[in-house]
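Peer 1: Give me the fold of what follows.
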Amino acid sequence: MVPLCQVAAGLLLGTAQAARDPERLAREGVTLCINVSRQQPFPGLQRARRLRVPVFDDPAEDLYRYFDRCGDAIEDAVTSGGTCLVYCKNGRSRSAAICTAYLMRHRKLTLGEAFAAVKAARPVADPNAGFWAQLQRYEDDLRTRQQSAEQKT
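Peer 2: The predicted structure follows:
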């Protein structure tokens with residue numbers, strides 16, 4: 001059986017092959033599927049929301065612009081009692097980066113802490129060099145946002 005890796009409560013990371021098993025996804029309580037690919041299909045899951053992030057696993061792709069939107073969608077699913085599956089072809093680079101960004105923003109983890117959590121759940125997780133650089137930029141941007149918010153209070 002292809003693994004679905006639990007990164008955090010309500011957050012699963014997997015492969016496109018794992019996403020092809022709608023009965024299993026229903027058993028896992030998946031209510032949101034984030035497909036981080038241009039070509040991979042969505043599972044035939046009736047009641048799950050769908051969000052496509054149309055990027056290739058290419059360091060030149062702009063994954064950064066999807067970090068906030070995906071993170072907010074995951075957080076909405078989790079806080080409403082659902083489960084989100086984030087997947088790409090191999091569950092290694094694109095989807096791992098999205099999960100890492102979510103943990104940074106919504107769980108207030110550093111990049112190192114967030115990626116360690118993703119890597120613990122899915123040991124093959126390895127965002128490409130471009131996505132890693134975008135995660136580093138995101139960490140800096142989140143820190144700046146936090147400082148701005150603190151100055152306003």
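Peer 1: can you map out the strands along the chain?
Peer 2: 4-8, 11-15, 30-35, 49-52, 83-88 (DSSP state E).
Peer 1: Report the beta-bridge partners for residue 87.
Peer 2: residue 14, residue 35 (DSSP bridges).
Peer 1: And it, how far from residue 152?
Peer 2: Per C-beta to C-beta, to the nearest Å, residue 87 is found 37 Å from residue 152. Quick note: C-beta positions are derived from backbone N, CA and C, even for glycine.
Peer 1: And these two? Which one has more around it.
Peer 2: residue 87 (27 against 6; other C-beta atoms under 10 Å).
Peer 1: Just the pLDDT for that one.
Peer 2: Reading off the confidence values, residue 87 has pLDDT 98.
Peer 1: for residue 1, same thing?
Peer 2: For residue 1, pLDDT reads 67.
Peer 1: which residues are in contact with the helix or strand of the chain with the lowest mean pLDDT?
Peer 2: The helix or strand of the chain with the lowest confidence, counting by mean pLDDT, DSSP states H and E, is helix 22-27 at a mean of 92. Here helix 22-27 makes contact (C-beta atoms under 8 Å, 6 or more residues apart in numbering) with 4, 18-19, 33, 43-45, 48, 85.
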